[in-house]
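In: everything below, folded, please.
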Amino acid sequence: MKIVVIGGTGLIGSKVVAKLGEHGHEAVAASPNTGVNTLTGEGLADVLAGAAVVIDLSNSPSFEDAAVLEFFETSTRNLLAAEAVAGVGHHVALSVVGTERLPGNGYFRAKIAQEKLIEGSSIPYSILHATQFFEFARSIADAGTDGGTVRMPPVLFQPIAGDEVAQAVGRIAVGSPLNGRVDVAGPEQFRMDVFFRDALAAWHDPREVVTDPHARYFGSELANGSLVPAGEAILGEIRYADWPGRIPTGE
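Out: Numbering: from 1, shown residues only. The predicted model follows:
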């Protein structure tokens, strides 16, 4: 089966391409550096020829509110239009758990717009909502940094290993379209401030983690359930404490 992975050279995309290839599928990585640009439409017709499934793992180069909205609306419209011409039978997109709960967050608004375009198209689809990746823990800590402190709210946090997100994406892609959404999350819930206090200690990071109920997550104040699945979810098996990348080599 030919499966085109938009954003196939990125963190999750490269893992998805590798896993699908291991299972005998023709997995094609598509991104601007392979000559495929969803914003301009460049290369889409050629790469989608003969494709049964398209997995969209692309991300905006800018997280500024207007830019990220423009990226997801334009690229999704171009991609869906090209898929319709090519006869693609399944569109799979990766989104974020909690998009609908944080309407004040520009990135989440853009992901909602992307999802509405997918749901309104004629192409059968599956949307996978994932929680935060282990790999992004440091960038989340950096975003919450204020001087020598890291401000984190005491809310639930359920991160997952990127490998397990890729595994879930691959399984959804080779199955029948859900024409709906499914959540994927890590096996454990933490309190966000406690998680980062322990994580920074393991990194030998001197910043102090301060519990702040009003601390913002990329601009948004969080409620207790903002970032975790509200109902059933596919759960990973890798615990953060057992994840090989928890303490990078050399530390």
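In: when you work out contacts or count neighbours from here on, use the C-alpha atoms and nothing else.
Out: Fine.
In: what pLDDT does Glu251 get?
Out: Per-residue confidence for Glu251 comes out at a pLDDT of 47.
In: let me fix that: Pro248
Out: With respect to pLDDT, Pro248 has a value of 67.
In: now the strands: where do they sit in the stretch 1-150 of the chain?
Out: Under the criterion DSSP state E, counting those that start in this stretch, the stretch 1-150 of the chain carries strands at the ranges 2-6, 26-30, 53-56, 90-96, 125-130, 145-146, 149-152.
In: out of the ones you listed, point me to the one whose mean pLDDT is lowest.
Out: Mean pLDDT is lowest for strand 145-146 out of these, coming in at a mean of 94.
In: and for that one, what's in contact with it?
Out: Arg151 (Cα atoms under 8 Å, 6 or more residues apart in numbering).
In: and what of stretch 231-243?
Out: 134, 160-161, 164, 168, 182-188, 246.
In: report the mean confidence score over it.
Out: 96.
In: ditto for stretch 73-84
Out: Rounded mean pLDDT across stretch 73-84 is 98.
In: how about the CA coordinates for that stretch, as CSV?
Out: This file holds the C-alpha atoms of stretch 73-84, laid out as CSV (Å, rounded to 0.1, in the frame of the first residue of the first chain):
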residue,chain,number,x,y,z
GLU,A,73,-6.1,26.4,6.4
THR,A,74,-4.1,26.8,3.2
SER,A,75,-2.1,23.6,3.4
THR,A,76,-5.1,21.5,4.4
ARG,A,77,-7.2,22.9,1.5
ASN,A,78,-4.5,22.2,-1.0
LEU,A,79,-3.8,18.7,0.3
LEU,A,80,-7.5,17.7,0.4
ALA,A,81,-8.0,19.0,-3.1
ALA,A,82,-5.0,17.1,-4.5
GLU,A,83,-6.2,14.0,-2.7
ALA,A,84,-9.6,14.2,-4.3
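In: give the buried residues for it.
Out: Within stretch 73-84, the residues that qualify as buried by neighbour count (16 or more other Cα atoms under 10 Å) are Glu73, Thr74, Ser75, Thr76, Arg77, Asn78, Leu79, Leu80, Ala81, Ala82, Glu83.
In: surely the fifth one is in contact with Leu117?
Out: Yes: counting by Cα atoms under 8 Å, Leu117 is a contact partner of Arg77 at 7.2 Å.
In: all the helices of the stretch 1-150 of the chain, in order from the start?
Out: Under the criterion DSSP state H, counting those that start in this stretch, helices of the stretch 1-150 of the chain are mapped to 11-22, 44-48, 65-86, 106-119, 137-143.
In: so which of those comes closest to Gly175?
Out: Across those, the minimum distance to Gly175, taken as Cα to Cα, is reached by helix 11-22, at 12.4 Å.
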